[in-house]
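>>> What follows is a predicted protein model with its sequence.
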Amino acid sequence: MFKTKIDLSEPIRSKVVEMLNQRVAECIDLTLQAKQAHWNVKGPNFRSLHKLFDTVSSGVQKSGDLLAERLVQLGGIAMGTVEAVIDQSRLQAYPLTIMEEADHLDALSTSIASCGKAMRESIDAAVEWKDEGTSDLLLRTSQKLDKYLWMVEAHLQGRTGELSALEKEERRLQSRQLKSASGG
């Protein structure tokens, strides 16, 4: 940790830096997932989804940048390499072979929701550590993620028909996880 005159103790700053590096990794991961969707979506709504996915990617990138700057302000080192993202991000890996609109919408909405949940959990930690600056930044980031989630999910809501292949696989995995957790 670098010295700073910010009035948070070094042990608290160290905890915040570690937490923020994980959130930065997830923002970088989500930025790239949105770009993956942006580049590869196919279907009748291509143009609007192409633009939406680009909006999500650039917005999340900006939020991640602010989080990285905050952790450096606290005396930490921002870890934004591919290796750090692989090590730190808790987001599901984005399926690289999907093309259908619904599959991209479903995969991206899952990752946005996961990232938003992690931000909210981190808000609670920052409040507990009495770091209002970080708490406020995380709150604004979670609000942006909630807005992006709303924008993406709006394309899925009211949709009829079969579940996408990705939705079926996710439900199968969730069912398996529930069985494992209950000892069954």
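Cool, the structure landed.
>>> Check which element follows the longest helix seen in the chain along the chain.
In the chain, taking DSSP state H as the definition, the longest helix is helix 10-40. Using DSSP states H and E, the helix or strand that follows helix 10-40 in sequence is helix 46-73.
>>> so for that next one, what's the average pLDDT?
Regarding helix 46-73, the rounded mean pLDDT is 97.
>>> relative to helix 10-40, how tilted is that helix?
Orientation check (axes from the mean of the first three to the mean of the last three CA atoms, to 10 degrees): helix 46-73 against helix 10-40 gives 160 degrees.
>>> Quick check: the residue nearest the centre of the chain vs residue 122, distance?
For the chain, the residue nearest the mean C-alpha position is residue 115 (2.9 Å; CA atoms, centre = their mean). According to CB to CB, to the nearest Å, residue 115 stands 11 Å off from residue 122. Any C-beta I mention is one placed from the backbone N, CA and C, and that applies to glycine too.
>>> tell me the SS of the residue nearest to residue 72 when sequence neighbours are not counted?
Closest residue to residue 72 apart from its sequence neighbours, by CB to CB, 6 or more residues apart in numbering: residue 78 at 5.5 Å. What DSSP: H, G, I helix; E, B strand; the rest coil gives for residue 78 is coil.
>>> List the contacts of residue 78.
Each residue near residue 78 by CB atoms under 8 Å, 6 or more residues apart in numbering is listed here: 21, 24, 68-69, 71-72.
>>> same question, residue 29
Residue 29 makes contact with 85, 89, 91, 111 under the criterion CB under 8 Å, 6+ apart.
>>> What is the burial count for the first one?
Using other CB atoms under 10 Å, the number of residues around residue 85 comes to 19.
>>> Surely it and residue 28 touch.
Yes. At 4.9 Å, residue 85 counts as touching residue 28 under the criterion of CB atoms under 8 Å.
>>> Run through the residues that contact the residue nearest to residue 19 when sequence neighbours are not counted.
Closest residue in space to residue 19, ignoring its immediate chain neighbours: residue 122 at 5.4 Å, by CB to CB, 6+ apart. For residue 122, the contacting residues are 19-20, 23, 138, by CB under 8 Å, 6+ apart.
>>> run the last query once more with 10 Å
Contacts for residue 122 (CB atoms under 10 Å, 6 or more residues apart in numbering) come out as 16, 19-20, 22-23, 67, 134-135, 137-139, 141-142.
>>> how close does it get to residue 145?
The span separating residue 122 from residue 145 equals 12 Å under the rule CB to CB.
>>> still on that earlier bit, for residue 115 and residue 122, list the residues in contact with both.
Shared contacts of residue 115 and residue 122, counting by CB under 10 Å, 6+ apart, come down to 23, 141-142.
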